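[1] Following is a predicted model, sequence given first.
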Amino acid sequence: MGKSFLFDRIAKVYGLFFDKQVKDFRHSLNSIKDRLNLSGYQSVVDIGCGTGALCMALQEYGLKVIGIDPAVNMLNIATKKINDFGLNNQEIQFMHGDILKGIPLCDKEVDLAISSYVAHGFMPEERAILFNEMKRIARHGAVLLDYNKNRSLVTDVIEWLEGGNYFGFIDNIEDELLGQFGNLEIINTGRYSAIYICRMEQERTQEDGELQCQ
């Protein structure tokens, strides 16, 4: 997340949309409840958590949430927002960290690793680092919330101006995730958005057994 300087500068703008983002994340997570029962897990890390909107939605499932971001101003706003809702660091813990430099979590420290609208801004080699870190720290699965293959002119223009790898992301993300994790489930959550679920081997074996028993 080499754009931390930019996100530090625009953190206050992001903070203005916190309530709407929480609502949108609630909708997205609810739309996949039949395929990913978040209440069945205990802990999750949100990589690139920004102002903490996704962290807020995740903790409503009873999860212990860790939010990590390289932009200090984003984390400051996230802490204030969470405190305003009466939550503390036993429920949501924020940490300063850059995924591209390795994040300060131990191997298999959390059940799930989630990242929202981060991967599409990375170059392919940076996405590989993200996925490897998600595999390292998560026991059961890695989840991406990001764009799907449906494109809009507005998004095309905005992402082109930001200078990320949006076009490479939407063309190659499926192959990249399959290559890294060996499995992939895509659930569209909106016209232009999707959740990409990759399960670790142990999780897939357990799920297959459950499906066979039904």
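    Yep, it's here.

[2] From now on I want contacts and neighbour counts done on CA atoms only, so please keep to that.
    OK.

[3] Please enumerate residues in contact with the longest helix along the chain?
    The single longest helix within the chain, with elements called by DSSP state H, is helix 166-181. Applying C-alpha atoms under 8 Å, 6 or more residues apart in numbering, the contact partners of helix 166-181 are 119-124, 128, 131-132, 147-149, 159-160, 183-184, 198-200.

[4] and these, which of them are in helices?
    Pro124, Ala128, Phe131, Asn132, Glu159, Trp160.

[5] Among the residues you listed, which one sits closest to Ser31?
    Using C-alpha to C-alpha, the shortest approach to Ser31 within the ones in helices among the contacts of helix 166-181 belongs to Phe131, at 23.4 Å.

[6] Without its sequence neighbours, what residue ends up closest to the closest one?
    Gln180 (7.1 Å; C-alpha to C-alpha, 6 or more residues apart in numbering).

[7] how close does the one you found get to Ala142?
    With distances taken as C-alpha to C-alpha, to the nearest Å, Gln180 is found 11 Å from Ala142.

[8] Could you check which of the two has the larger neighbour count?
    Ala142 (26 against 14; other C-alpha atoms under 10 Å).

[9] For the helix or strand hosting that one, list the C-alpha coordinates in CSV.
    Using DSSP states H and E, Ala142 maps to strand 138-147. Coordinates of each C-alpha in strand 138-147 appear next as CSV, following Å, rounded to 0.1, in the frame of the first residue of the first chain:
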residue,chain,number,x,y,z
ALA,A,138,-5.3,-17.2,8.2
ARG,A,139,-6.3,-20.6,9.4
HIS,A,140,-9.5,-21.1,7.3
GLY,A,141,-9.9,-18.7,4.4
ALA,A,142,-9.1,-15.5,2.5
VAL,A,143,-11.8,-13.2,1.3
LEU,A,144,-11.7,-10.3,-1.1
LEU,A,145,-14.4,-7.6,-1.6
ASP,A,146,-13.7,-5.9,-4.8
TYR,A,147,-14.9,-5.2,-8.4
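
[10] That strand pairs with which strands, and in what direction?
    Strand 138-147 has the following sheet partners, assigned by DSSP bridges: strand 110-116 (parallel), strand 193-199 (antiparallel).

[11] got the ones you listed as JSON lines, with mean pLDDT columns?
    Formatted as JSON lines, the strands paired with strand 138-147 follow (pLDDT from 0 to 100):
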{"stretch": "strand 110-116", "mean pLDDT": "97"}
{"stretch": "strand 193-199", "mean pLDDT": "95"}
